[in-house]
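In: okay, sequence plus prediction incoming.
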Amino acid sequence: MANKIIPLFVCLIGVAIFMSLFGKYLYVSNDASKYNNQGIALYNQGKNDEALVYFKKSVEEDSNFAEGYTNMGLVFEANGDYDSALQYHKKALELKPTLAKAHENVGLVYYNMGQYNEALSKFNQSLTIKPGNHETYNNLALTYQKLGDNRNCIINLMKAVELDSENSRYYYHMGNCYDGYGDATKAMENYGKAYSLEPGNSQYKRTYEIFQKKVAYQANPF
């Protein structure tokens, strides 16, 4: 009998140790998720202060709920409080280092603070955890553009377009990068694609028409 009890006892100890170390990553309160989802809905409506109330409730319900902390960071970032935003995003990463969107959110804060190399690092970390995120490639592209690297801007936007070919913003951003690269024809083509996907966008229309004239003049300046 003893020979059968010892392995079971060892197994139970192993489970206890595992849960003490990793249990916080496995359990999420239903109420925490509910409050978080309510906060997201309000945040998407632009009701930041109301959203913050629910994100706070989510982490009060479950102090290990990383998503709640990074969403709190989004609200502070939207309100221009970058120091507080970083604090909450980094808290989320302490709790869940594999939370790709928290790395992304830290990158966005660094981008808005003008710390572009730090932003690149965090966007790449996010992609390592969650490959194939088209929005992350877009964020990388915009960051490279800020650094004056239009070539890498274009490369990353091409990856974004491969993953989401119907996103007008990506084509518009690509037009900007081609303009910076000195290729007015490619810029015009991408502005035109953005406008075709979103014909009601007056900015797209105006930019496309400007580049149509620019390309026509380059072809026949006299």
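Out: Happy to help now that I have it.
In: and the helix or strand that contains Ala92, what does it pack against?
Out: Taking DSSP states H and E as the criterion, Ala92 maps to helix 82-95. If you count contacts as 3 or more C-beta pairs under 8 Å, 6 or more residues apart in numbering; DSSP states H and E, helix 82-95 packs onto helix 66-78, helix 100-112. (C-beta placed from N, C-alpha, C; glycine too.)
In: ok now stretch 89-107, how far from the chain's centre?
Out: 11 Å (C-alpha atoms, centre = their mean, to the nearest Å).
In: let me know the average pLDDT across it.
Out: The pLDDT scores in stretch 89-107 average 97.
In: so which of the helices and strands packed on helix 82-95 is nearest Ser84?
Out: Of all the helices and strands packed on helix 82-95, it is helix 66-78 that lies closest to Ser84, at 4.1 Å by C-beta to C-beta.
In: quick one: that closest one to helix 82-95, angle?
Out: Going by axes from the mean of the first three to the mean of the last three C-alpha atoms, to 10 degrees, helix 66-78 is angled at 170 degrees with respect to helix 82-95.
In: can you list the neighbours in contact with helix 66-78?
Out: 32, 35-36, 39-40, 43, 48-49, 51-52, 55-56, 58-59, 62, 82, 84-89, 91-93, 95-96, 99, 101-102, 105, 108-109, 112 (C-beta atoms under 8 Å, 6 or more residues apart in numbering).
In: so which bits of stretch 177-187 are buried?
Out: Buried positions in stretch 177-187, judged by neighbour count with 16 or more other C-beta atoms under 10 Å: Cys177, Tyr178, Asp179, Gly180, Asp183, Ala184, Lys186, Ala187.
In: could you say which helix or strand contains the last one?
Out: According to DSSP H and E, Ala187 maps onto helix 184-197.
In: run the chain-centre distance for the helix or strand where Leu142 lies.
Out: According to DSSP H and E, Leu142 maps onto helix 134-146. Here helix 134-146 is found 10 Å from its chain centre; the criterion is C-alpha atoms, centre = their mean.
In: need the next SSE after it, C-terminal direction.
Out: Note on helix 134-146: by DSSP H and E, the next helix or strand toward the C-terminus is helix 150-163.
In: helix or strand next in line after that following helix, which one?
Out: Note on helix 150-163: by DSSP H and E, the next helix or strand toward the C-terminus is helix 168-181.
In: which residues touch stretch 205-218?
Out: Tyr172, Gly175, Asp179, Ala184, Thr185, Ala187, Met188, Tyr191, Gly192, Ala194, Tyr195, Pro199.
In: report the buried residues of it.
Out: Thr207, Tyr208, Phe211.
In: point out where the chain drops to low pLDDT.
Out: The chain contains residues with pLDDT under 70 at 1-29.
In: which residue is the nearest non-sequential neighbour of the residue sitting nearest the centre point of the chain?
Out: The residue lying closest to the centre of the chain (C-alpha atoms, centre = their mean) is Glu104, at 4.4 Å. Residue nearest to Glu104 in three dimensions, not counting chain neighbours: Ser126, with 4.3 Å by C-beta to C-beta, 6 or more residues apart in numbering.
In: the one you found - how many residues pack around it?
Out: 24 (other C-beta atoms under 10 Å).
In: so how far is Leu147 from it?
Out: 18 Å (C-beta to C-beta, to the nearest Å).
In: okay, buried residues for stretch 96-108 please.
Out: Residues Lys96, Leu99, Ala100, Lys101, Ala102, His103, Glu104, Asn105, Val106, Gly107, Leu108 are the ones in stretch 96-108 that count as buried (16+ other C-beta under 10 Å).
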